[in-house]
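Engineer: Give me coordinates for this.
(one chain, ligands or ions: 1)
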Amino acid sequence: MTSVQQRPIGVFDSGVGGLTNVRALMERLPNENIVYFGDTARVPYGVKSRHTIETYTEQIVSFLLEHDVKALVIACNTIAAVAGQKVRQLAGGMPVLDVITAGSEAALSTTHNNHIGIIATSTTVNSNAYARAIHSQNPQARVLSQACPLLVPLVEEGWLDHEVTRLTVREYLKPLLAEDIDTLVLGCTHFPLLKPLLKEEAPHIALVDSAITTAEATAQALARMGLENPNHSGADYRFYVSDIPLRFQTIGERFLGRSLDQLEMVSLG
Ligand code: DGL
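Structural biologist: Model (predicted):
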């Protein structure tokens, strides 16, 4: 029988992008087993309605609960923005960590002038979820959000240091830099891969990588609840997706930073 501590962490995303979170979790919590679900058949979520995202999210959460997970990590900013509450209801008392809560807290502890920029998908920006999370802790903070839908396909194309991506980033950052932000939250699974380019384009701005901050929040929650895996014999990683599109392996490995084994296709709904 597996003890609750030995059960996997369930991580999920609209597609391949959440592998940036898995990568951060593998580095921060090397003993933890992980089950990942990416809804590659229905990605992108970043332009879909709340209702549709909630329906898809319910299906994903019940899939992960069947895998006997001990905690859930919402790696997708868009899901966290519009369906975070729903996930918490479905999870019962199980710890649920999400990129928006962790990213907002990190932004508040990073900023000096309380001007925080957010770059994210259109749905995340429209939901105002980052601003709400930040204002619940500091109503004085100024939150400037910018939807950056073009950056998602550019990252998937692997154009991480390409002139087209550089010009696109420059254009998107203009209104944020004009408001004197000193901190920028990478509010989309794909954006951690753009960190080198963003640092060149905005050298004086502190970047908040939600994948890293969420991994840290997960580590703290597991420790607090006595849920850390005591097993040091090598973690098990399983990856489930709803489709294996062309070039999935290449793109996935770029996000994960290592080879993507134990990959299986399942259909939900
Ligand atoms: N995973 C999404 C996010 O972090 C980006 C891709 C999508 O639009 O589904 O918001």
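Engineer: alpha carbons only for contacts and neighbour counts from here, please
Structural biologist: Will do.
Engineer: give me phi/psi at the residue positioned nearest the centre of the chain?
Structural biologist: Among the residues of the chain, the one closest to the centroid is A75, at 3.1 Å (Cα atoms, centre = their mean). Torsion angles at A75 (phi, psi; degrees, to the nearest 10) stand at phi -80, psi -20.
Engineer: Show the pLDDT at it.
Structural biologist: The model reports A75 with a pLDDT of 98.
Engineer: This protein against the ligand: which residues are in contact?
Structural biologist: Residues of the chain lying close to the ligand by Cα under 6 Å from any ligand atom are 13-14, 17, 43-46, 76-78, 121, 188-189.
Engineer: Lowest pLDDT pick from these?
Structural biologist: Ranking the residues of the chain next to the ligand by pLDDT puts G46 at the bottom, with 91.
Engineer: could the residues of the chain next to the ligand go into TSV alongside neighbour count?
Structural biologist: Shown next, in TSV, are the residues of the chain next to the ligand (neighbours: other Cα atoms under 10 Å):
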residue	neighbour count
D13	29
S14	29
G17	28
V43	16
P44	16
Y45	23
G46	23
C76	31
N77	32
T78	32
T121	25
C188	29
T189	28
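Engineer: Strands along the stretch 151-269 of the chain, start to end?
Structural biologist: 183-187, 206-209, 237-241, 263-265 (DSSP state E, counting those that start in this stretch).
Engineer: Against which helices or strands is the last one packed?
Structural biologist: Contact partners of strand 263-265 among helices and strands, from 3 or more Cα pairs under 8 Å, 6 or more residues apart in numbering; DSSP states H and E: strand 237-241.
Engineer: mind running it again at 10 Å?
Structural biologist: The contact analysis (3 or more Cα pairs under 10 Å, 6 or more residues apart in numbering; DSSP states H and E) places strand 263-265 against strand 34-38, strand 237-241.
Engineer: most tightly surrounded among these?
Structural biologist: Most buried of those, by mean neighbour count (mean count of other Cα atoms under 10 Å): strand 34-38, with a mean of 24.
Engineer: Deepest in the core, which of the strands of the stretch 151-269 of the chain is it.
Structural biologist: Neighbour counts (mean count of other Cα under 10 Å) averaged over each of the strands of the stretch 151-269 of the chain peak at strand 183-187, with a mean of 27.
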